[in-house]
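*Asks:* Sharing a model that was predicted from the sequence below.
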Amino acid sequence: MTKIKLKHGIVMKKLNTVKKAVEDLELAKKGSHGKNKLSYTTTYKSQEDSFINMLDGYKQIVQQNIKDVKGNVDLLKEQDEAIARK
């Protein structure tokens, strides 16, 4: 039978590294385009806002996934310890 070992500390450390990387993910501040009324600048600003919103949504989803994985890893550790006590 194959043995699978959960190295809880290593997994949690990696998840914390990923969490920090996601938190640090940020776009440069929006630039000033003056008071141009060109259709290009209007479209550009709209697309930039959409991209920022999409990135924020992505960050929230990844952070929730990290939280779920941490919970699952903790549960696996507890189950493993319970089995080892028997």
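*Replies:* Yep, it's here. Numbers count the residues shown, from 1 in each chain.

*Asks:* Point out the other helices and strands that the helix or strand of the chain with the lowest mean pLDDT packs with.
*Replies:* Ranked by mean pLDDT, DSSP states H and E, the weakest helix or strand in the chain is helix 39-85, scoring a mean of 91. Helix 39-85 sits against helix 8-24, with contacts defined as 3 or more Cβ pairs under 8 Å, 6 or more residues apart in numbering; DSSP states H and E. Glycine gets a C-beta too; all of them are placed from N, C-alpha and C.

*Asks:* so who does the most centrally placed residue in the chain touch?
*Replies:* In the chain, the residue lying closest to the centroid (Cα atoms, centre = their mean) is residue 62, at 3.1 Å. Residues in contact with residue 62 (Cβ atoms under 8 Å, 6 or more residues apart in numbering) are 18, 22.

*Asks:* if I look at residue 75, how far off is residue 37?
*Replies:* Note on residue 75: its distance to residue 37, by Cβ to Cβ, to the nearest Å, is 57 Å.

*Asks:* again, but for residue 81
*Replies:* From residue 81 to residue 37 the distance is 66 Å (Cβ to Cβ).

*Asks:* Looking at these two, which has the bigger crowd around it?
*Replies:* residue 81 (10 against 7; other Cβ atoms under 10 Å).

*Asks:* Test my guess that residue 8 contacts residue 75.
*Replies:* No: Residue 8 is beyond contact range of residue 75, at 11.0 Å (criterion: Cβ atoms under 8 Å).

*Asks:* who has more neighbours, these two?
*Replies:* In this view residue 8 and residue 75 are compared by other Cβ under 10 Å, and residue 8 has more residues nearby, 15 against 10.

*Asks:* how close does that one get to residue 80?
*Replies:* For residue 8 relative to residue 80 (Cβ to Cβ), the value is 9 Å.

*Asks:* With residue 58 instead?
*Replies:* Distance from residue 58 to residue 80, by Cβ to Cβ: 32 Å.

*Asks:* again, but for residue 3
*Replies:* Applying Cβ to Cβ, the value for residue 3 to residue 80 is 11 Å.

*Asks:* And residue 73, by the same measure?
*Replies:* Applying Cβ to Cβ to residue 73 and residue 80 gives a distance of 10 Å.
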